[in-house]
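A.B. asks: Sequence first, predicted model second:
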Amino acid sequence: MSVAVIGTGYVGLVTGAGFAETGATVVCADIDGAKIEALSQGEIPMYEPGLEELVARNVESGRLSFTSDVQSAIAGAEVVFVAVGTPPRSDGAANLKAIDAVAETVAEHLTRELVLVLKSTVPVGTNERVRRIVADAAHPIHVVSNPEFLKEGAAVDDFLRPDRVIVGCDPDDDFARKAMKRLYHPVTLQRHALTWMAPASAELTKYVANTMLAMRISFMNEVAALCEQVGANVHDVRHGVGSDARIGSKFLYAGPGYGGSCFPKDVMALVHVGRDHGVPMELAAATDRVNRRQKGILLRKLKQCFDGDLRKRHIAVWGLSFKPKTDDVRESPALTLVDGLLAEGAEVVAHDPAAAENFRAACDGEITLVERAYDAADSADALVLVTEWRQYQNPDFDRLLARMNRPLLVDGRNIWSTYPLKEKGFTYVGVGT
């Protein structure tokens with residue numbers, strides 16, 4: 001099948017390369033000519049394990065190509081995926097200008113009957129909105145909602161081996177259903193993961209899924225705060241609760257709050273959708289409030305360790321991305337921490353395996369970034385673990401002890417909680433322990 005993917009960001013690039021891997025002929029299009037040129041030269045604009053190899057293999061095979069001529073990509077496609085950004089507006093609602101623009105362009109430049117697939121995360125009602133935009137096109141356009149469920153750091157595997165593929169489509173639209181079945185057949189054959197529903201249900205499923213996961217994180221962070229006050233251990237509570245099959249163990253880890261491009265945006269978008277329809281989403285709103293407060297937990301713990309005075313303290317930070325295996329720093333807890341440290345007059349030296357330069361661009365103040373993790377600890381008054389990259393999980397503590405000015409470890413992910421750090425001479429501070 002001939003597929004066009006409009007938008008070459010995280011979702012668009014993984015989607016395009018993934019379909020090419022399964023045998024489709026895919027053109028990824030973007031109005032950003034510089035990005036297209038870089039992609040054509042094999043330069044991937046984000047860090048995602050396995051993506052560079054996937055793109056290179058399919059470009060070489062001729063199944064995947066890139067263009068800044070969006071109109072030609074649409075003209076040659078049987079299925080067009082919309083994977084453009086829907087950033088939050090100031091009121092939390094999704095900005096749909098890019099969605100509208102693509103729909104208008106498709107309606108103007110299509111050369112045949114086709115399926116228009118909304119892959120971007122969009123609020124309920126967007127499918128119907130796009131149908132109205134394309135209603136007068138020269139050929140029939142079948143609008144389908146197909147939200148993405150790609151985890152940064154595991155996106156390639158998520159696409160090729162999905163837990164589920166949600167397709168929002170009219171039940172009597174045989175043309176669209178046949179096209180979507182064929183496209184997704186190679187990745188759903190073994191798991192029977194293709195799930196059909198109404199477009200509005202598909203749109204809402206994306207927001208609800210992310211909000212529910214975010215809610216678990218915020219709830220456990222509140223539990224961690226309670227554990228510290230009553231003398232309980234959040235690890236024990238997590239094990240006890242997570243062993244209940246009705247609850248499960250995932251997303252029950254206490255830490256410095258969630259970040260990234262999805263959870264913060266989607267939680268607030270769900271709150272806004274509820275407000276628009278007269279249904280207060282109180283749990284979702286509380287989830288966001290708790291998370292905003294939680295992002296300051298590491299700074300508060302450091303201030304407690306230094307009697308409220310962080311001036312001229314040398315603070316080492318390990319991990320700047322919002323999660324491991326990505327260079328994405330959007331809404332990262334490290335941003336909140338570092339901004340707070342700089343405002344308090346501290347000196348910050350940081351390391352991250354992939355996100356250092358993205359963090360430098362996003363950070364408001366001046367920090368020192370080092371290429372080797374242990375160099376950040378030189379003469380440090382404290383070392384703060386923010387992101388649990390694997391290389392940080394079992395460090396040489398004797399080496400750290402020798403290099404640090406003060407043996408203080410603030411573990412934002414509780415990764416080091418089981419090591420005998422006090423016996424080695426460290427002061428250890430975790431979250432909820």
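C.D. replies: Yep, that arrived.
A.B. asks: what about the nearest residue to Thr188 once chain neighbours are set aside, distance to Ala34?
C.D. replies: By the measure of CB to CB, 6 or more residues apart in numbering, the closest residue to Thr188 outside its immediate chain neighbours is Leu194, 4.7 Å from it. Placement of C-beta: from N, CA and C, glycine included. As judged by CB to CB, to the nearest Å, Leu194 and Ala34 stand 37 Å apart.
A.B. asks: Quick check: buried residues in the helix or strand containing Phe81?
C.D. replies: Using DSSP states H and E, the element containing Phe81 is strand 79-82. Neighbour counts over strand 79-82 (16 or more other CB atoms under 10 Å) mark 79-82 as buried.
A.B. asks: More neighbours: Leu194 and Ala34, which one.
C.D. replies: Leu194 (18 against 10; other CB atoms under 10 Å).
A.B. asks: Only the buried residues of stretch 392-408, if you could.
C.D. replies: Within stretch 392-408, the residues scored as buried using 16+ other CB under 10 Å are 392, 395, 397, 400, 403-404, 407-408.
A.B. asks: whoops, stretch 305-314 was the one
C.D. replies: Going by neighbour count (16+ other CB under 10 Å), the buried part of stretch 305-314 is 305-306, 310, 313-314.
A.B. asks: got TSV for those, with pLDDT and distance to Pro256 too?
C.D. replies: Shown next, in TSV, are the buried residues of stretch 305-314 (pLDDT from 0 to 100; distance: CB to CB, whole Å):
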residue	pLDDT	distance to Pro256
Cys305	97	16
Phe306	97	18
Leu310	97	17
Arg313	97	19
His314	98	20
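A.B. asks: And the helix or strand harbouring Leu302, what does it pack against?
C.D. replies: Taking DSSP H and E as the criterion, Leu302 maps to helix 297-305. Applying 3 or more CB pairs under 8 Å, 6 or more residues apart in numbering; DSSP states H and E, one finds that helix 297-305 contacts helix 333-343, strand 382-385, strand 408-411, strand 427-429.
A.B. asks: who does the helix or strand where Cys227 lies touch, helix- and strand-wise?
C.D. replies: Counting by DSSP H and E, the element that carries Cys227 is helix 199-230. Counting contacts by 3+ CB pairs under 8 Å, 6+ apart, helix 199-230 is packed against helix 126-134, strand 141-145, strand 165-168, helix 234-242, helix 263-276, helix 282-294.
A.B. asks: Determine how far the longest one lies from the middle of the whole chain.
C.D. replies: Meaning helix 263-276. Centroid separation between helix 263-276 and its chain, computed with CA atoms, centre = their mean, to the nearest Å, is 16 Å.
A.B. asks: Equivalent analysis for the fourth one, please.
C.D. replies: Using CA atoms, centre = their mean, we find the averaged C-alpha position of helix 234-242 to lie 25 Å away from the chain's own average C-alpha position.
A.B. asks: what pLDDT, on average, does that helix get?
C.D. replies: Across helix 234-242, pLDDT averages out at 96.
A.B. asks: Residues contacting it, please?
C.D. replies: With contacts defined as CB atoms under 8 Å, 6 or more residues apart in numbering, helix 234-242 is touched by 220, 223-224, 227, 247-250, 252-254, 414, 417, 431-433.
A.B. asks: so it versus helix 199-230, what angle?
C.D. replies: When axes from the mean of the first three to the mean of the last three CA atoms, to 10 degrees is applied, the directions of helix 234-242 and helix 199-230 differ by 140 degrees.
A.B. asks: what does the longest one give?
C.D. replies: Counting by the same axes, to 10 degrees, helix 263-276 points 120 degrees away from the direction of helix 199-230.
A.B. asks: Which strands or helices does helix 263-276 pack on?
C.D. replies: Helices and strands touching helix 263-276, by 3+ CB pairs under 8 Å, 6+ apart, are helix 199-230, helix 282-294.
A.B. asks: Looking at those, which is nearest to Ala155?
C.D. replies: With CB to CB, the closest approach to Ala155 among the helices and strands packed on helix 263-276 belongs to helix 199-230: 14.9 Å.
A.B. asks: which parts of the closest one are buried?
C.D. replies: By 16+ other CB under 10 Å, the buried positions in helix 199-230 come out as 199, 202-207, 209-211, 213-221, 223-225, 227-228.
A.B. asks: And stretch 267-284, by the same measure?
C.D. replies: Counting neighbours by 16+ other CB under 10 Å, one finds that the buried residues in stretch 267-284 are 267-274, 281, 284.
A.B. asks: circling back to that earlier point, identify the bridge partners of the residue nearest to Thr188.
C.D. replies: Bridge pairing for Leu194 (DSSP bridges) gives the partners Val165.
A.B. asks: list the contacts for it?
C.D. replies: Listed by CB under 8 Å, 6+ apart, the contact partners of Leu194 are 164-165, 167, 180-181, 184, 188.
A.B. asks: Check what pLDDT it gets.
C.D. replies: Leu194 is given a pLDDT of 91.
A.B. asks: Cross-check the contact I'm expecting between Asp411 and Leu383.
C.D. replies: No. The pair Asp411 and Leu383 fails to qualify as a contact (CB atoms under 8 Å) at a distance of 9.0 Å.
A.B. asks: mind giving me the domain ranges of the chain?
C.D. replies: Here the domain parsing of the chain from automatic domain parsing is 2-197, 205-294, 297-429.
A.B. asks: For Arg191, report the pLDDT, please.
C.D. replies: Here the pLDDT value assigned to Arg191 is 68.
A.B. asks: Phe397 too?
C.D. replies: On pLDDT, Phe397 comes in at 97.
A.B. asks: Now it. Nearest residue, chain neighbours left out?
C.D. replies: Nearest residue to Phe397, sequence neighbours excluded (CB to CB, 6+ apart): Lys424, at 5.6 Å.
A.B. asks: Out of the buried residues of stretch 392-408, which sit inside helices?
C.D. replies: If you go by DSSP state H, the buried residues of stretch 392-408 have 397, 400, 403 in helices.
A.B. asks: Need the residues that contact stretch 60-77.
C.D. replies: By CB under 8 Å, 6+ apart, the list of residues contacting stretch 60-77 from outside reads 2-4, 6, 8, 16-17, 20-21, 23-33, 36, 39-40, 55, 58-59, 80, 102, 105-106, 108-111, 114.
A.B. asks: Ends of that stretch, what's the gap?
C.D. replies: Taking CA to CA, to the nearest Å, stretch 60-77 runs 20 Å from one end to the other.
A.B. asks: Show me how far it is from its chain's centre.
C.D. replies: With CA atoms, centre = their mean as the basis, stretch 60-77 stands 26 Å off its chain's centre.
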